[in-house]
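[1] Build me a model:
(one chain, ligands or ions: 2)
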Amino acid sequence: MLIQIPPPSACRESEVTPESVYLSRRQLLDAAAGLVAATLLPVAQGEGGDYADVEPVAAPAWFREKLPGVHWRAVTPGDEAVTPFKTASQYNNFYEFGPNKTDPATRAAGLVTEPWTLLVDGEVARPGRHALEDLVGSQRLEERIYRLRCVEGWSMVIPWLGFPLASLLERVEPTSRARFVRFETLVDPERMPGQRSGFSLLDWPYVEGLRIDEAMHPLTLLAVGMYGRILPNQNGAPLRLVVPWKYGFKSIKSIVRISLVEERPRTTWELVAPHEYGFYANVNPQVDHPRWSQARERRLPSGLFSPNIIPTRLFNGYDEVAGLYAGLDLRENF
Ligand SMILES: Nc1nc2c(c(=O)[nH]1)N[C@H]1C(S)=C(S)[C@@H](COP(=O)(O)O)O[C@H]1N2
Ligand SMILES: [Mo]
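    Numbers count the residues shown, from 1 in each chain. Ligands and ions are numbered 1, 2, ... in the order given. Predicted structure coming up:
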């Protein structure tokens, strides 16, 4: 993220592993990881869950059991087209797997997402360590089609499957001292080559944070799937945050710990370059990044002859969050 906006040609097809190749590799690895019993899951059919370009993929039982009850298209961005799955799953930022857009898709196949536990601790009446299937088992999944605006100047429209973070937080009963929520990504240098690199500017684990009222906002989602299927590893399997009115780096991937805290957490990108990446990171066309304008964005897929440049909107178009920032100087608190 410290580099300039890549040219539109940055995601060349020739650099990308064909989907058929990585899918078959993924299935091999799943089998090796003990998911042999999982049947191939046809991508959700019917009411809005039908994504023609998405191939079947093995999914664990906890996910398959949830599909019939999904509330499809619970939130949509009106008439904006959904980004093709291929783009959303092959053009990624996930520095644990390397700094290039194609690194996550080519290197994340070996991430072990099963079993997965989430530690919830800090200022809560009911701290604990939860198996992913128990966490999700008690939730109804919703499909939320959200814009995702990266601070680098590109954007996508992604259909997530998940549940509101608020419904998890309510269960653990935050104390009156809980003012912020802190999130942590897995540390596993053996399977995350970016965490072994001496050249990485980032400290691990990747950490993100929200004010508690932002965390409780109904738009704030914990996602376990996208395009009617489980999350691809490169998109932050098996559990990631999605905060659609903030720059993409707030939407932390592969979460292993959520802590309710009194003090504002020190977050990964803020630590690297505090003048460039603020804690709030609300999408705002009037507050430029020190090295580039944030007035417009490249809606992917985009190419040399159809760059698809569109205006960026305050709060990424999610006007309903404006009340969270009443009286706050958004230029100072960027
Ligand atoms: N753990 C972790 N989470 C992360 C990142 C990362 O490098 N590590 N990159 C962020 C950035 S900069 C963006 S734009 C989004 C990209 O999400 P996507 O690849 O699913 O589109 O993930 C965010 N979450
Ligand atoms: Mo980003």
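[2] Which parts of the stretch 1-150 of the chain are strands?
    40-41, 57-58, 71-75, 117-122, 128-131, 142-149 (DSSP state E, counting those that start in this stretch).
[3] so which of these gets nearest E214?
    Relative to E214, the nearest member of the strands of the stretch 1-150 of the chain by Cβ to Cβ is strand 142-149, separated by 15.1 Å. All C-beta spots, glycine's among them, are computed from the backbone N, C-alpha and C.
[4] hmm, the closest one touching ligand 2?
    No - with Cβ under 5 Å from the ion as the criterion, ligand 2 is not reached by strand 142-149; the gap is at least 8.4 Å.
[5] What's the first helix or strand after that strand?
    Heading C-terminal from strand 142-149, the first helix or strand you meet, by DSSP states H and E, is strand 154-164.
[6] average model confidence for that next one?
    Strand 154-164 comes out with an average pLDDT of 98.
[7] ok so, going back, which of the strands of the stretch 1-150 of the chain is buried the deepest?
    Burial of those is given as mean neighbour count (mean count of other Cβ atoms under 10 Å); strand 142-149 ranks first at a mean of 22.
[8] mind putting the strands of the stretch 1-150 of the chain in CSV, mean pLDDT and distance to ligand 1 included?
    Output for the strands of the stretch 1-150 of the chain, formatted as CSV (pLDDT from 0 to 100; distance: least, Cβ to the nearest ligand atom, whole Å):
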stretch, mean pLDDT, distance to ligand 1
strand 40-41, 54, 20
strand 57-58, 92, 16
strand 71-75, 97, 17
strand 117-122, 98, 14
strand 128-131, 98, 19
strand 142-149, 98, 6
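[9] is it true that N235 touches A88?
    Yes - the pair N235 and A88 qualifies as a contact (Cβ atoms under 8 Å) at a distance of 7.2 Å.
[10] can you list residues touching both of these two?
    M226 (Cβ atoms under 8 Å, 6 or more residues apart in numbering).
[11] so who does D53 touch?
    By Cβ under 8 Å, 6+ apart, the contact list for D53 reads 84-86.
[12] My error: substitute P127 in the last question.
    P127 touches 120-121, 172, counting by Cβ under 8 Å, 6+ apart.
[13] try 6 Å this time
    By Cβ atoms under 6 Å, 6 or more residues apart in numbering, the contact set of P127 is 120-121.
[14] mind starting the numbering at 36 from now?
    In the new count, where the first residue is 36, that last one comes out as P162.
[15] Next, it: phi, psi?
    phi -70, psi 160 (degrees, to the nearest 10).
[16] any idea how far it is from ligand 1?
    Distance of P162 to ligand 1, computed by Cβ to the nearest ligand atom, to the nearest Å: 23 Å.
[17] do W280 as well
    In terms of Cβ to the nearest ligand atom, W280 sits 14 Å off from ligand 1.
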